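# sequence isn't available, so here's the structure alone:
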């Protein structure tokens, strides 16, 4: 056993995880930005296609599944809630309930609720009630995820709440044949913690569904996966069994006879294409939209764009790195709007790819496709990423080799370790009792699958199809665009702070995406796509704007200032006052875009600039302190001149700024605390109070 394995086995702890919101209803989410979606559902018209095949044979063996059917619906932005649903489905035989996993994107109208969720095939034949579970992420400022938006609006319509995105009639008995329980996953650093789960939990009850367990809460700021596991074991399965298996029906449980960890059954297999090896260009198969996993859709919708400008914004004295990057997007089908989001799909470095391939004896030049496994239905098969592709491309573009794997993934990984020491270490850290050890060694140690397989637990051996099923996918990273689409219609600018540091074993690490961006050079391609944001200037250009964006939070503010300068100078429009609060450590080190801000002041675009240099005096000064010093002026702009407020940066800063704005409304505006909250909530609804924060 190596010294690194010894280190893996014994150490203290730190906590971490990822954000999403899970909702379970029997009978039926970097947290990135507030999204202003442009492709809304605009009426009670159903989608023509569905990923759910209602013709499937769903007959049950009552000896195996005495609890009957239960449907798990997920709403996911990054795949976390989908993964949790899959974990529950893997335990269906152990607990005696036949699990059906459904993407909430398929619920586009109330008729879909009836035909898919409340399909009589899945209700209890005696009680005529249906058991359903929803897994949905709370996203940004309390929004549902993209694929759960229509379902969320259906609930609002049935409650009689007006929404511009959907028409329909209220119906308070819509879910009267439903028993449900809800588990919410969110992050306490955000103001609207678990708001989607709380809304759905309340809405289902108001729509005549029966709650069979109290709302469960998962917190990404502490231990999201641990919260989920505790709820799954102590609430979810126990509630289902006590409610639907009251007569102590014996279950036909499949277990490994020797007590070993059982390798998961794979829904697909790898098909190799020897004739394609060595070709300079391999074109992936064209697949229809409904044949693609929702959580992997961006792999198919993204495009290679040339990065043509990259410059360092900090001075050498600072020691850190913030890059200004520009991408040629002239060939993108979807055009961007000022201060939208650019999603970047990162790539793993060659060293990590080659380490994995060597450890698992993969041929990097081999070309393969994924096809349905022998026991899977071909018409229900969905693609995880474009194929055919080489093993090198797969490991480079689609595998998260660097981020710490979830505990549930460690448990699966353990089943492929032949050395008992390796297997026991992974099994222990995957357990509930080992979560502190996991947090300290995996999360705080920045240990990824590449480190585990190539250095720490080298007895792990698996085939390519097994690795594809186990390894988490690389997720896109979203950067608020720092350019105006009017000024730079064919070029997108982003502002990137490079994440890097030293591990406990003295080796270097960099962030998955920022490491990739830092490695590319002008002329290199980068795979990207555009996503809407909520940063939108007032339609009346005479209205003022107040911008608060320290550090890289200045990105959308730079874009808005470019747009306002274009309106003023090029279009000859009357433009209202523009006020910017910026913060950094030192005026000589990390005052990024200082020259551009000076030019905006010179040409009359930027009327007031307040900069907090936090390290230039004994007592630290931040943007919220400068904002509070201008309370009267700020309130006058907001309440009398209808100013819009834009905030971008870390959640702690955002929280502090909102507190200052609330105090301004109370002390200058004469409001109570509740009145101030209602006031800013209304501004948010009007698009005049926008936050894009990250933890």
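Looks like it arrived, so ask away. Predicted model only: the values in this text are computed from it and were never measured.
# how far away is the residue lying closest to residue 166 once chain neighbours are set aside from residue 422?
Of all residues not flanking residue 166 in the chain, residue 153 sits nearest, at 4.3 Å (Cβ to Cβ, 6 or more residues apart in numbering). Where you see a C-beta, it was placed from the backbone N, CA and C, and this is true even at glycine. According to Cβ to Cβ, to the nearest Å, residue 153 and residue 422 sit 49 Å apart.
# circling back: and the one helix or strand the residue nearest to residue 166 maps to, average pLDDT?
Residue 153 is part of helix 149-158 when elements are defined by DSSP states H and E. Average pLDDT, helix 149-158: 94.
# could you do stretch 285-303 as well?
Here the average pLDDT along stretch 285-303 is 90.
# buried residues in that stretch?
Buried residues in stretch 285-303, counted by 16 or more other Cβ atoms under 10 Å: 291, 292, 293, 294, 295, 296, 297, 298, 299, 300, 302, 303.
# ok, now stretch 306-314?
For stretch 306-314, by 16+ other Cβ under 10 Å, it's 306, 307, 310, 313, 314.
# for the second one, name its beta-bridge partners.
On the basis of DSSP bridges, residue 307 takes part in beta bridges with residue 327.
# can you pull the contacts of the residue lying closest to residue 337 once chain neighbours are set aside?
Leaving out its chain neighbours, the residue that sits closest to residue 337 by Cβ to Cβ, 6+ apart is residue 485, at 5.4 Å. Listed by Cβ atoms under 8 Å, 6 or more residues apart in numbering, the contact set of residue 485 reads 335, 336, 337, 338, 340, 563.
# of the residues you listed, which is the nearest to residue 236?
residue 340 (38.5 Å; Cβ to Cβ).
# and the pLDDT for that closest one?
95.
# hang on, it packs against residue 532?
Yes. Applying Cβ atoms under 8 Å, one finds residue 340 in contact with residue 532, separated by 5.8 Å.
# which of those two has more neighbours?
Comparing residue 340 with residue 532 by other Cβ atoms under 10 Å, the one with more neighbours is residue 340, at 27 against 17.
# now for this protein, the helix or strand with the poorest mean pLDDT.
helix 3-9 (a mean of 41; mean pLDDT, DSSP states H and E).
# next SSE downstream of that helix?
Helix 3-9 is succeeded, C-terminally, by strand 69-75 (DSSP H and E).
# how near is residue 676 to residue 411?
47 Å.
# next one: residue 504
In terms of Cβ to Cβ, residue 504 sits 24 Å off from residue 411.
# settle it for me: which of those two has more neighbours?
residue 411 (18 against 13).
# which residue sits closest to that one, ignoring its sequence neighbours?
Closest to residue 411 by Cβ to Cβ, 6+ apart is residue 430, at 3.7 Å.
# how about the helices in the stretch 251-400 of the chain?
297-301, 350-360, 391-397 (DSSP state H, counting those that start in this stretch).
# list the buried residues for the longest one?
By neighbour count with 16+ other Cβ under 10 Å, helix 350-360 contains the buried residues 352, 353, 354, 355, 356, 357, 359, 360.
# thinking again about what came up before, torsion angles phi and psi at the residue nearest to residue 411?
Residue 430 adopts backbone torsions of phi -80, psi -10, taken as degrees, to the nearest 10.
# coming back round to it: list just the nearest of the buried residues of stretch 285-303 to residue 406.
residue 295 (14.5 Å).
# and the pLDDT at the residue nearest to the closest one when sequence neighbours are not counted?
The shortest distance from residue 295 to any residue other than its chain neighbours is 4.0 Å, reached at residue 79 (Cβ to Cβ, 6+ apart). Residue 79 is assigned a pLDDT of 81 by the prediction.
# what about residue 79, distance to residue 351?
For residue 79, the distance to residue 351 - Cβ to Cβ - is 26 Å.
# picking that back up, widest-spaced pair of the buried residues of stretch 306-314?
So, the buried residues of stretch 306-314 by Cβ to Cβ: farthest apart are 306 and 314, at 24.6 Å.
# so which strand or helix has residue 412?
helix 407-414.
# that helix packs against which elements?
Here helix 407-414 touches helix 224-231, helix 420-430, helix 435-438, helix 464-470, going by 3 or more Cβ pairs under 8 Å, 6 or more residues apart in numbering; DSSP states H and E.
# at 7 Å instead, please
Using 3 or more Cβ pairs under 7 Å, 6 or more residues apart in numbering; DSSP states H and E as the contact test, the elements touching helix 407-414 are helix 420-430, helix 464-470.
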